[in-house]
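1. Take a look and give me a structure for this.
(4 chains)
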There are 2 protein chains.
Amino acid sequence: MTSDETVSGASASPDDLLWPGPAAVRRGPKPRFTVAEIADAGTRIADAEGLSAVTMQRIAHDLGSTKMALYRYVPGRAELDAVMLDRAFGAPARHDSDDWRRALAAWAEGVHSRALAHPWSVELAQRPHRPGPFELAWYEAGLAAMAQLELHGSEKLDVLALLAGHAMSIVRQESASAAPEQDLAAAMARILTDRAADHPFTVAAFADPAGARGDALRFGVERIIAGVEVLAAARREA
Amino acid sequence: MTSDETVSGASASPDDLLWPGPAAVRRGPKPRFTVAEIADAGTRIADAEGLSAVTMQRIAHDLGSTKMALYRYVPGRAELDAVMLDRAFGAPARHDSDDWRRALAAWAEGVHSRALAHPWSVELAQRPHRPGPFELAWYEAGLAAMAQLELHGSEKLDVLALLAGHAMSIVRQESASAAPEQDLAAAMARILTDRAADHPFTVAAFADPAGARGDALRFGVERIIAGVEVLAAARREA
DNA sequence: GCTAATTGCGTCTCGTGGACACAATAGCTA
DNA sequence: TAGCTATTGTGTCCACGAGACGCAATTAGC
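-> Sure, this is the predicted structure:
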């Protein structure tokens, strides 16, 4: 758009950083960095100190450069976030199974494990963003798992959203309870002591020892898949 | 803690603003505001211009005051967010139904409609926070709906998390596609034009006209409830 | 009316994202 | 080989947000 293009992988496609094209021959000084290096520096910071610690200054510092130098490679924070997000998930593991239930469960567990490795990615994934190449690959893998299922396209997408949303929700819980200050169960226990009378069911639910901290990820995944199976079975009748 | 308590509903409980106790007799000048008024001003701004437009300065301006005056009532942004969140959802509608499926579906739709009325609340709800009185009431209502079900306490909580997470995820979609720049389907269509060959299933899913934009909220809620029903039925056998 | 607790709020600091200008560098061409 | 010019490197500046601190104004209780 402007005379200043902020390129470094010189792409022809409009989706800038996420879909780098082949690097064109460049004239001036050799670029000191690549977008990937910058994003990875940001990722290291986010992993160690959380997303809010990721600032242009901080990345530049860790890279032995200065803030404004980075703006040659990255248009702004939003675009950097997009690259970090896509790289955080990476390529999905190919999981060939003819049982769509297994395949979907594996897919959801894949989302979970990737997100858990970079908890800040959940925050980024759930705010509106343009999907990158890896995210597209995850879509493709998830939909491939459901290829045999007699569901509409939008329904399959809904199923993936349901599974991914659940997996990320679990990651949120897990990384929150790591910080004792933010553990829901602990907070609830404290809050409920004074107000037990008005909230009998809540007290009971949080007090119930049976299956406490059962594998919440698996529980949700299995419920969703079971629910999908009910629909698929009904479809097969008609 | 410090000598400066930032009280205005003078509570004895440690959970500060969210659980105001009876106002103690105060000495100095009459407070010009209440926490609720400040939170509601923030809510008005967030509804109209998004969460990022909510700053202490802006709230103060709208209230005809100055930024620092507000800090007498609110310890900081985080606490203000918590109050805004709790008030955004408000009290759940009592929905008496002896059919737990209907009751749960109504609960999920309640979450959806409240969140949709204040889309920014999703952002706040999904980051770690201390539950407020209204949130506790939603827990209680949801658990009450499942009173008859033979599930463990933690499982019931998982079901609510699943439903609420789904409802909020839908709100995210809905408020994103309101801004054409962020609509997923549109972005996907654009991205896929160049890369259709590598992503056959994704292309097919997004192209499938059947049931496109079917009620995604209901679809997910029904899948989840169906999945829970499968488990409940299995439990009843044993 | 005096005193002490409280509120109102101006000023300052620090940190963040980002615009802009200009210097340094290194392919390309003559 | 000597420019020319596209590109990178980076210092400076600005707007704006959260919040600390200090002091002035207010008012309930004695």
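
2. Check the contact between A:Ala108 and A:Ala167; I expect there is one.
-> Yes. At 5.1 Å, A:Ala108 counts as touching A:Ala167 under the criterion of C-beta atoms under 8 Å. Where you see a C-beta, it was placed from the backbone N, CA and C, and this is true even at glycine.

3. So which of these two has more stuff around it?
-> A count of neighbours by other C-beta atoms under 10 Å in any protein chain shown puts A:Ala108 above the other of A:Ala108 and A:Ala167, at 28 against 24.

4. circling back to that earlier point, need the residues touching each of A:Ala108 and A:Ala167.
-> A:Leu217, A:Val221 (C-beta atoms under 8 Å, 6 or more residues apart in numbering or on different chains).

5. Name the residues of stretch A:27-36 that are buried.
-> Of all the residues in stretch A:27-36, those buried under the rule 16 or more other C-beta atoms under 10 Å in any protein chain shown are A:Pro31, A:Phe33, A:Val35.

6. Show me the contact partners of the lowest-mean-pLDDT helix or strand in chain A.
-> When each helix and strand of chain A is scored by mean pLDDT, DSSP states H and E, helix A:184-195 comes last, with a mean of 91. For helix A:184-195, the external contacting residues (C-beta under 8 Å, 6+ apart) are A:173, A:176-177, A:180, A:199, A:202-203, A:206, B:13-15, B:19, B:130-131, B:136.

7. Go again with 7 Å.
-> Residues from elsewhere that reach helix A:184-195 (C-beta atoms under 7 Å, 6 or more residues apart in numbering or on different chains): A:173, A:176-177, A:180, A:199, A:202-203, A:206, B:13, B:15, B:130-131, B:136.

8. same thing with stretch A:230-238?
-> Residues contacting stretch A:230-238 (C-beta under 7 Å, 6+ apart): A:Leu149, A:Glu150, A:Leu151, B:Arg223, B:Ala226, B:Val230.

9. Could you list which of these belong to helices?
-> B:Arg223, B:Ala226, B:Val230 (DSSP state H).

10. Tabulate the residues you listed in JSON lines, adding columns for pLDDT.
-> Below are these laid out as JSON lines (pLDDT from 0 to 100):
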{"residue": "B:Arg223", "pLDDT": "98"}
{"residue": "B:Ala226", "pLDDT": "98"}
{"residue": "B:Val230", "pLDDT": "97"}
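
11. Output the least confident helix or strand of chain A as PDB, restricted to C-alpha atoms.
-> Output of helix A:184-195 as PDB, limited to C-alpha atoms (Å, rounded to 0.1, in the frame of the first residue of the first chain):
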ATOM      1  CA  LEU A 184     -11.300 -22.100  40.400                       C
ATOM      2  CA  ALA A 185     -11.900 -24.900  42.900                       C
ATOM      3  CA  ALA A 186      -9.900 -23.100  45.500                       C
ATOM      4  CA  ALA A 187     -11.700 -19.800  44.900                       C
ATOM      5  CA  MET A 188     -15.000 -21.500  45.000                       C
ATOM      6  CA  ALA A 189     -14.300 -23.200  48.200                       C
ATOM      7  CA  ARG A 190     -13.400 -19.900  49.800                       C
ATOM      8  CA  ILE A 191     -16.400 -18.100  48.400                       C
ATOM      9  CA  LEU A 192     -18.900 -20.800  49.200                       C
ATOM     10  CA  THR A 193     -18.000 -21.000  52.900                       C
ATOM     11  CA  ASP A 194     -20.000 -18.000  53.600                       C
ATOM     12  CA  ARG A 195     -22.800 -18.700  51.200                       C
END
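
12. re earlier: from the buried residues of stretch A:27-36, which one has the minimum pLDDT?
-> On pLDDT alone, A:Pro31 ranks lowest of the buried residues of stretch A:27-36, at 90.

13. Just the strands from chain A, written as ranges.
-> Read by DSSP state E, chain A holds no strands at all.

14. got the domain boundaries for it?
-> A:14-88, A:92-176+A:208-237 (automatic domain parsing).

15. Deepest in the core, which of the ones you listed is it.
-> domain A:92-176+A:208-237 (a mean of 19; mean count of other C-beta atoms under 10 Å in any protein chain shown).

16. DNA strand C: which of the ones in helices among the contacts of stretch A:230-238 is nearest?
-> Among the ones in helices among the contacts of stretch A:230-238, B:Arg223 lies closest to DNA strand C (C-beta to the nearest atom of the strand), at 38.8 Å.

17. Phi and psi next, for the residue in chain A that DNA strand D sits nearest to.
-> Nearest residue of chain A to DNA strand D, counting by C-beta to the nearest atom of the strand: A:Gly28, 2.4 Å away. Main-chain torsions, A:Gly28, degrees, to the nearest 10: phi -60, psi -160.

18. these two touch, right, A:Val228 and A:Val159?
-> Yes. Using C-beta atoms under 7 Å, A:Val228 is in contact with A:Val159, at 5.7 Å.

19. circling back to that earlier point, can I get the buried residues of stretch A:27-36 in TSV including distance to DNA strand C?
-> Putting the buried residues of stretch A:27-36 into TSV (distance: C-beta to the nearest atom of the strand, whole Å) gives the following:
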residue	distance to DNA strand C
A:Pro31	10
A:Phe33	14
A:Val35	14
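
20. can you list the residues you listed in CSV and add distance to B:Asp98?
-> What follows is the buried residues of stretch A:27-36, written out as CSV (distance: C-beta to C-beta, whole Å):
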residue, distance to B:Asp98
A:Pro31, 68
A:Phe33, 64
A:Val35, 58
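
21. what packs against the lengthiest helix in chain A?
-> Among the segments of chain A that qualify as a helix by DSSP H, the longest is helix A:153-178. Applying 3 or more C-beta pairs under 7 Å, 6 or more residues apart in numbering or on different chains; DSSP states H and E, one finds that helix A:153-178 contacts helix A:100-117, helix A:120-126, helix A:133-145, helix A:184-195, helix A:216-237, helix B:153-178, helix B:200-207, helix B:216-237.

22. How about the residues of chain A by DNA strand D?
-> A:4-5, A:7-8, A:24, A:26-33, A:65-69, A:71-73 (C-beta under 7 Å from any atom of the strand).
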